[in-house]
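**Student:** here is my input; please provide its structure:
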Amino acid sequence: MSRVGKNPVAVPQGVTCQLNGQEITVKGKNGELSAVLSKDVNVTFDNNEVLVRPVDDSKQARMLWGTWKNRIRNMVQGVNEGFSIRLEINGVGYRAAVEGQNLKLQLGFSHDVLYPILEGIKIVCEKPTVIVVSGADRQRVGQAAAEIRAYRKPEPYKGKGIKYENEHIVRKEGKKK
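**Tutor:** Down below sits the predicted model:
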């Protein structure tokens, strides 16, 4: 049985949840998120809490129980507080800047890399070597950060590239003479 799904999702003040058939919509100060629920879970609202329960005792319903509880929790947290991921750029001459609706990355290639900023995602360069990706949808924020990191992953010898702020790069020893 899911231990994650048993706990209700607390809805803070200023956030509204609506259920329309199998579609749940969450609105807050950071925007609005909606998702179509699986047919294997039931969702109910009680006293500023969202309860997710499986429809039956099948394996599929029990698997989706905890998944949908966490997805709804992420939606509520996203429209209330938002999510952000910090990326660090290491390397001589490597830098980033936001120009209009594009993130301009200089990563040692013969040309600059332009990453189009998606709707619902906010990208800020605090320094030329620090990128902050933020937004209400946790999945889209993580996807955008992963796509930016994929342009130049950190390499193990000098650590050059784009890495997450809390990521540890295992370093290798170079050639010996």
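**Student:** helices of this structure, start to end?
**Tutor:** Chain-ordered helices for the chain, with DSSP state H as the definition, fall at 59-80, 138-150.
**Student:** weakest of the ones you listed by average pLDDT?
**Tutor:** Of all these, helix 59-80 carries the lowest average pLDDT, namely a mean of 90.
**Student:** picking that back up, which of the helices of the chain sits closest to G91?
**Tutor:** G91 sits nearest to helix 138-150 of all those, at 13.4 Å, using C-beta to C-beta. C-betas here are computed from N, CA, C, even on glycine.
**Student:** what are the contacting residues of that closest one?
**Tutor:** 74, 77-78, 83-85, 87, 103, 105, 115, 118, 120-121, 123, 131, 133-135, 162-164 (C-beta atoms under 8 Å, 6 or more residues apart in numbering).
**Student:** let me know the angle separating it from helix 59-80.
**Tutor:** For helix 138-150 against helix 59-80, the angle by axes from the mean of the first three to the mean of the last three C-alpha atoms, to 10 degrees is 80 degrees.
**Student:** about what we covered before: among the contacts of helix 138-150, name the buried ones.
**Tutor:** Buried subset of the contacts of helix 138-150 (neighbour count, 16 or more other C-beta atoms under 10 Å): 74, 77-78, 83, 85, 87, 103, 105, 115, 118, 121, 123, 131, 133-135, 162-163.
**Student:** from these, which land in strands?
**Tutor:** 83, 85, 87, 103, 105, 115, 121, 123, 131, 133-135, 162-163 (DSSP state E).
**Student:** what's the burial count for Q22?
**Tutor:** 12 (other C-beta atoms under 10 Å).
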